[in-house]
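Asker: for reference, the sequence and a predicted model appear below.
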2 protein chains.
Amino acid sequence: MKILIADDDRDLLGLIAFALTQAGYLVVRASDGPAAIRAFEEESPDLVVLDINMPGASGFQVCEAIRVKSRVPVMMLTVRGEEEDLVRALELGADDYLNKPFSPRTLLARIKALLRRAGVESTAPLAVGQVTLDVDEHTVRIGDGAPVRLTKLELRLLQMLLANAGRTVHSDRLLVQVWGHRNSGDRQLLKQLVHRLRQKIEADPANPVLLQTAAGSGYKLIVE
Amino acid sequence: MKILIADDDRDLLGLIAFALTQAGYLVVRASDGPAAIRAFEEESPDLVVLDINMPGASGFQVCEAIRVKSRVPVMMLTVRGEEEDLVRALELGADDYLNKPFSPRTLLARIKALLRRAGVESTAPLAVGQVTLDVDEHTVRIGDGAPVRLTKLELRLLQMLLANAGRTVHSDRLLVQVWGHRNSGDRQLLKQLVHRLRQKIEADPANPVLLQTAAGSGYKLIVE
DNA sequence: GCGCGCGGTAACAGAACGGTTATAAAGCGC
DNA sequence: GCGCTTTATAACCGTTCTGTTACCGCGCGC
């Protein structure tokens, strides 16, 4: 699990990096905006921690640049009291924020929660009920059938449904998690993706058993 | 999603309630400490917003009372500069705080982030008396009957009635909460929706037991 | 009686929704 | 470039949902 941290305060950067490394994460550092954007593109981390106040490009700009091409979880570091900054960050697509000063323990807890929510916590083969998902290989196996190859989007969709197995996941949330945007007009994309995924994982795609529709809200994966 | 707001400033209370209602949340109000604790127990909200300075029992006491029996997310409203209040609130288990004065937009962004962080996004089935409402699945169960699918509007209506179970909800309020407008000519919409909902949840739709008419004002849900 | 307001019911049409198919555009290895 | 896979866009169809119109029955004041 790779985490990118961007902050111009070298001491703080070192402290955070130490804490995260201890916790078993791989840490990439950047100490200004442009470096952060470059590092993001080169390293494609699983999570990004951004300070708002940075030389070069502010955390806002970095967040915006990241959001254009990715839905990776972003955590913002803010100064207490700067409400407007905070709101702007959240509206730009940041997933969580943390007021300075904070304890490394708090940061770690938040990062874990964020990763869990994004469903990227474990890269190992993920098995729930009949469905066994191998994220590295981009394959699923249903029961003891042959592994089936999935595309990037199919994988992400299935990952989300698997992370919430048995519960309904709303279309809007799926749109955000899979594509990173929420234009409600893009329901067609989801329709298509679900259709294609059903062709691959359902014994009878016309009568889905695993990937069921929750009319009016979204989809859910049935496991027993 | 139900939110309890406790503040002794009626104007502020109204403003917040309006903003949150517009954003699609169900709002429960309290204007002093004891009322807040009572409301918390009766309504079991998904999130609580507490002013620190309140007559009866301070926000601290309310927060403490809530924390004894629940881990629901709590947001404190503080006056800027009162650092020790803030620290005390966080130690008592508050999850976030907001300095007065704040904009409704700020509050909304923070509440969203807090809900996300708490992972409350998927609401557990909401049960009052005979009626069990599962918002995610868009279904109700009456007693131990089979789950019945509801449409979006039916769900919203039932949600509103359930949130005010036992009390009459005025037609105008239902119109605003369900459709977002108040053209009094639109009573017919409500009539229809009530009719359709009764077909689904009443054993004998012609003689409603659960969803009763309050002649001249509105409707109410009977629970015992 | 009559007219009137109110709530309940029925019926229908347009909109919205989900599934499916077809086709275009983008990405990628060669 | 070429061919293949993946992704996006559009169109069609059947079903469900929703808004509208109309009508019925009841209570009430006149």
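Answerer: Okay, I see it. Everything numeric in this text was worked out from a predicted model, so none of it was measured.
Asker: which of the three states applies to A:Ile66?
Answerer: helix (DSSP: H, G, I helix; E, B strand; the rest coil).
Asker: in terms of pLDDT, where does it sit?
Answerer: pLDDT for A:Ile66: 81.
Asker: next: A:Lys69.
Answerer: The model's pLDDT for A:Lys69 equals 65.
Asker: do the same with the one 5 residues further on
Answerer: In this model, A:Val74 is scored at 90, pLDDT.
Asker: elements contacting the helix or strand harbouring A:Asp11?
Answerer: A:Asp11 belongs to helix A:10-22 when assigned by DSSP states H and E. Judged by 3 or more CB pairs under 8 Å, 6 or more residues apart in numbering or on different chains; DSSP states H and E, the packing partners of helix A:10-22 are strand A:2-6, strand A:26-30, helix A:104-118. Using the backbone N, CA and C atoms, a C-beta is placed for each residue, glycine as well.
Asker: the helix or strand that comes right after the longest one - what's its average pLDDT?
Answerer: Spelled out, that is helix A:104-118. For helix A:104-118, the following helix or strand on the C-terminal side (DSSP H and E) is strand A:126-128. What strand A:126-128 shows for mean pLDDT is 75.
Asker: strand A:126-128 pairs with which strands, and in what direction?
Answerer: strand A:131-134 (antiparallel) (DSSP bridges).
Asker: how many neighbours does A:Asp32 have?
Answerer: 18 (other CB atoms under 10 Å in any protein chain shown).
Asker: roughly how far apart are it and chain B?
Answerer: Distance, A:Asp32 to chain B, using CB to the nearest CB, to the nearest Å: 26 Å.
Asker: for A:Ala109, same thing?
Answerer: 10 Å.
Asker: stretch A:201-208 and DNA strand C, are they touching?
Answerer: Yes: using CB under 7 Å from any atom of the strand, stretch A:201-208 reaches DNA strand C at A:205-206, A:208.
Asker: quick one: which of those has the most company?
Answerer: Neighbour-wise, the residues of stretch A:201-208 next to DNA strand C (other CB under 10 Å) top out at A:Pro208, 18 neighbours.
Asker: hmm, back to that, out of the residues of stretch A:201-208 next to DNA strand C, who's nearest DNA strand D?
Answerer: Distance to DNA strand D across the residues of stretch A:201-208 next to DNA strand C (CB to the nearest atom of the strand) is lowest for A:Ala206, with 13.1 Å.
Asker: give me phi/psi at the closest one?
Answerer: Torsion angles at A:Ala206 (phi, psi; degrees, to the nearest 10) stand at phi -80, psi -30.
Asker: next helix or strand past the helix or strand harbouring A:Arg187?
Answerer: Taking DSSP H and E as the criterion, A:Arg187 maps to helix A:187-201. Using DSSP H and E, the helix or strand that follows helix A:187-201 in sequence is strand A:211-214.
Asker: which residues touch the helix or strand bottoming out on mean pLDDT in chain A?
Answerer: The helix or strand of chain A with the poorest confidence is strand A:126-128; it has a mean of 75 (mean pLDDT, DSSP states H and E). With CB atoms under 8 Å, 6 or more residues apart in numbering or on different chains as the test, strand A:126-128 has contacts from A:132-135, A:159, A:162, A:165, A:221, A:223.
Asker: ChimeraX command to pick out the buried ones of these?
Answerer: In ChimeraX syntax, the buried subset of the contacts of strand A:126-128 is picked out as below (16 or more other CB atoms under 10 Å in any protein chain shown):
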select /A:132,133,134,135,159,162,221
